[in-house]
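A.B. asks: Sequence and predicted structure, then a few things I'm wondering about:
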Amino acid sequence: MEEYKLSVASSPHASSPVGTQNLMRDVLIALIPAMVMAIYVFGPRALVMTLISVVACEIFEWGYCKLLHKPNPINDLSAAITGVLLAFVCPVTLSYGILIIGDFFAIVIVKQLFGGLGTNFLNPALAGRAFMMLCYPVPMTTWVLPGKEHWASVGSAADAVTGATPLSVDFMKGGLLPQIGNADLGYEPATLADMFIGNVGGCIGEVSAIALLIGGIYLIARGVIRIRIPVAYIATVAVLTLIFSRGEGNAFQWMLFEIFGGGLFLGAFFMATDYVTSPNTPKGEVIFGIGAGLLVVFIRYFGGYPEGVCYSILVMNICVWLIDKATMPARFGVTKEMRQAEKAAAKAAKKAGKEGAEA
């Protein structure tokens, strides 16, 4: 009878070799091309900033869980992902102190105070960036021009040559094609190749569209993310900017500058696809991507900021519960009368509970 002996255990009964650590490790691997390009464009300070951000996030997560006697989740690598992504959406000139403050806000306030991994309703890295933009707007919008003159700068980037980004009010925000340079050194037109490869100013991890595309394709091939959100997100921005072109030259060229510029690829592949803060249904993923794309174009065209990826994803994060509720598939075999009976029973139970509490 031993071979027919039943084993009683709680759910889930199906196991998988793929866990949180495996998924996060794949995301870190996918971010390597963008990290390599960041070091090439901005020098070793980009790597140092990223490492400091990762260590700070891990320490804050460990310290919070230790203080509240919670299980230590440091081995799942989720805090490391937050640290990398937060550094990637900051300029290389940002001081380490401000970056660490952003790490604290992302890990402790946005993630842990809402219950930790799986319960936060905002993307921690983007929420940390939004917080730093609110508190430190000038350091968060001081951009370094691409080049080798700041390669020796690790402790400080004060001597780096600064300039405008392609999306700034001087160029694309004002309806002009992007240029590289500044008022002192002069400007030269930025080509699509510059934008695609990363030979432009901007945040550490968002300048190279090709590096981010390689990472995104890796995640899709590994099954870590689904293709719906990135395609819906980027396609919405592409279609709108093609139809409503506001710049010089032909509309198709303007559209390519719009999708290669800023953090659209970083947001589409690595932030909008976050399991916790994105929809769970196929229709919901498409709606999420389209909504985020609409917000990006609205902010870029009519808002006060030249870039809108951060806020577009955060706004859609808040709407995820509603999207999931509206797109939840119907249960097979459940009739209209059965659903009405369920609602009536729930209403009666709620009323009984209320009367019992009053009694």
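C.D. replies: Everything's here; your move.
A.B. asks: use CA for all of it now, contacts and neighbours both
C.D. replies: Noted.
A.B. asks: pLDDT score assigned to the spatially closest residue to P230 that is not a sequence neighbour?
C.D. replies: Once flanking residues are discounted, P230 sits nearest to A268: 4.7 Å by CA to CA, 6 or more residues apart in numbering. Note for A268: predicted pLDDT of 95.
A.B. asks: What distance do you get for A268 to I313?
C.D. replies: A268 is 9 Å from I313, where distance means CA to CA, to the nearest Å.
A.B. asks: same thing with L266?
C.D. replies: Taking CA to CA, one finds L266 at 11 Å from I313.
A.B. asks: more neighbours, these two?
C.D. replies: Each of L266 and I313 has its neighbours counted (other CA atoms under 10 Å); I313 has more, 30 against 27.
A.B. asks: Which residues are in contact with the residue nearest to S208 when sequence neighbours are not counted?
C.D. replies: In this structure, S208 finds its nearest non-sequential neighbour in G198, 3.9 Å apart by CA to CA, 6+ apart. Applying CA atoms under 8 Å, 6 or more residues apart in numbering, we find G198 in contact with M37, V41, V207, S208, A209.
A.B. asks: let's go with 10 Å and repeat that
C.D. replies: Applying CA atoms under 10 Å, 6 or more residues apart in numbering, we find G198 in contact with 34, 37-38, 40-41, 146, 192, 205-211, 260-261.
A.B. asks: Can you list which of those are found in helices?
C.D. replies: Residues of those located in helices (DSSP state H): A34, M37, A38, Y40, V41, L192, A209, I210, A211, F260.
A.B. asks: Look up the closest residue to the third one, ignoring the ones flanking it.
C.D. replies: So the one you mean is A38. Among residues not flanking A38 along the chain, I204 sits closest, at 5.6 Å (CA to CA, 6+ apart).
A.B. asks: I'd say the one you found and P44 touch.
C.D. replies: No. Under the criterion of CA atoms under 10 Å, I204 makes no contact with P44, lying 11.0 Å away.
A.B. asks: Spit out the residues that contact those two alike.
C.D. replies: Residues within reach of I204 and of P44 at once, by CA under 10 Å, 6+ apart, are A38, V92.
A.B. asks: Would you point out which residue is most central in the chain?
C.D. replies: By CA atoms, centre = their mean, the mean C-alpha position of the chain lies nearest to M271, the distance being 2.4 Å.
A.B. asks: Look up the closest residue to it, ignoring the ones flanking it.
C.D. replies: Leaving out its chain neighbours, the residue that sits closest to M271 by CA to CA, 6+ apart is N123, at 7.1 Å.
A.B. asks: if I pick Q253, what's in contact with it?
C.D. replies: By CA under 10 Å, 6+ apart, the neighbours of Q253 are L177, T191, L192, T241, L242, S245, G247.
A.B. asks: returning to that earlier point: which of the contacts of G198 are buried? Put it as a PyMOL command.
C.D. replies: Per 16 or more other CA atoms under 10 Å, the buried members of these correspond to this PyMOL selection:
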select buried, resi 34+37+38+40+41+146+192+205+206+207+208+209+210+211+260+261
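A.B. asks: which residues of the stretch 251-359 of the chain fall in helices?
C.D. replies: Per DSSP state H, counting those that start in this stretch, the stretch 251-359 of the chain carries helices over the ranges 251-260, 264-266, 282-302, 309-318, 320-327, 336-358.
A.B. asks: which one of those is the most hemmed in?
C.D. replies: Burial of the helices of the stretch 251-359 of the chain is given as mean neighbour count (mean count of other CA atoms under 10 Å); helix 264-266 ranks first at a mean of 27.
A.B. asks: Could you verify my assumption that L322 touches G284?
C.D. replies: Yes. In this structure, L322 is within contact of G284 by CA under 10 Å, at 9.4 Å.
A.B. asks: Strands of the stretch 51-200 of the chain, residue ranges please.
C.D. replies: In the stretch 51-200 of the chain, the segments counted as strands under DSSP state E, counting those that start in this stretch are 179-182, 186-189.
A.B. asks: low-confidence ranges in the stretch 251-359 of the chain?
C.D. replies: For the stretch 251-359 of the chain, the stretches with pLDDT under 70 are 331-334, 356-359.
A.B. asks: any idea how far E355 is from E342?
C.D. replies: Distance, E342 to E355, by CA to CA: 20 Å.
A.B. asks: My error: substitute E337 in the last question.
C.D. replies: From E337 to E355 the distance is 27 Å (CA to CA).
A.B. asks: What of L294?
C.D. replies: With the distance defined as CA to CA, L294 ends up 47 Å from E355.
A.B. asks: One more: L242?
C.D. replies: Counting by CA to CA, the gap from L242 to E355 is 60 Å.
A.B. asks: got it, and F196?
C.D. replies: Taken as CA to CA, the span from F196 to E355 is 64 Å.
A.B. asks: Likewise for A344?
C.D. replies: Counting by CA to CA - A344 and E355 are separated by 16 Å.
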